[in-house]
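Visitor: turn this into a structure:
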Amino acid sequence: DSIYTFGKVEWCPNGDWAGVTSIIASTNDRSFYQYNFDIKDKVGSIDASDRPTEREFEIHDYYDARLLEESKKLFEAQNAGLPYKYADQEELEEVVRTEVANKYGISEEELDKIWLKASVYQMT
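Guide: Predicted coordinates for the structure are as follows:
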């Protein structure tokens, strides 16, 4: 009966705390415990006008994909002791940010706003 934000999971006899008997309590027998998931569809409400456009979702997803792709390559190179085209994660993020903004013909500041808008929407 507590408050939660995104969801909760309980591990209890047959997925229901009411199923705890005195025998279960005294023996601590958990052989028939089950997980009970309660996950909210959305947290809070967002005005329809605040929903990112399909283009904004596309920009957000492309930006995330490029960052992930290049970050993996940088990580692998660093672990192998090899040089990579970016000296560090900070430089990588700066270059990818510029690349994505140029690809979509927007400023880097606009890219930041779009990314934040889509990210927040996906979390709510």
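Visitor: contact partners for Tyr33?
Guide: For Tyr33, the contact set (C-beta atoms under 8 Å, 6 or more residues apart in numbering) comprises Trp11, Cys12, Pro13, Asn14. Backbone N, C-alpha and C define where each C-beta goes, glycine included.
Visitor: gap between it and Gln89?
Guide: Distance of Tyr33 to Gln89, given as C-beta to C-beta, to the nearest Å: 42 Å.
Visitor: got it, and Glu58?
Guide: Distance, Glu58 to Gln89, by C-beta to C-beta: 24 Å.
Visitor: just give the closest residue to Gln78, not the sequence neighbours.
Guide: If the residues on either side of it in the chain are set aside, Gln78 comes closest to Tyr84, at 7.1 Å by C-beta to C-beta, 6 or more residues apart in numbering.
Visitor: the one you found and Phe75 touch, don't they?
Guide: No: counting by C-beta atoms under 8 Å, Phe75 is not a contact partner of Tyr84; they are 9.1 Å apart.
Visitor: for Pro52, which non-adjacent residue is spatially closest?
Guide: Ala118 (4.5 Å).
Visitor: equivalent analysis for Pro13, please.
Guide: Closest to Pro13 by C-beta to C-beta, 6+ apart is Gly19, at 3.7 Å.
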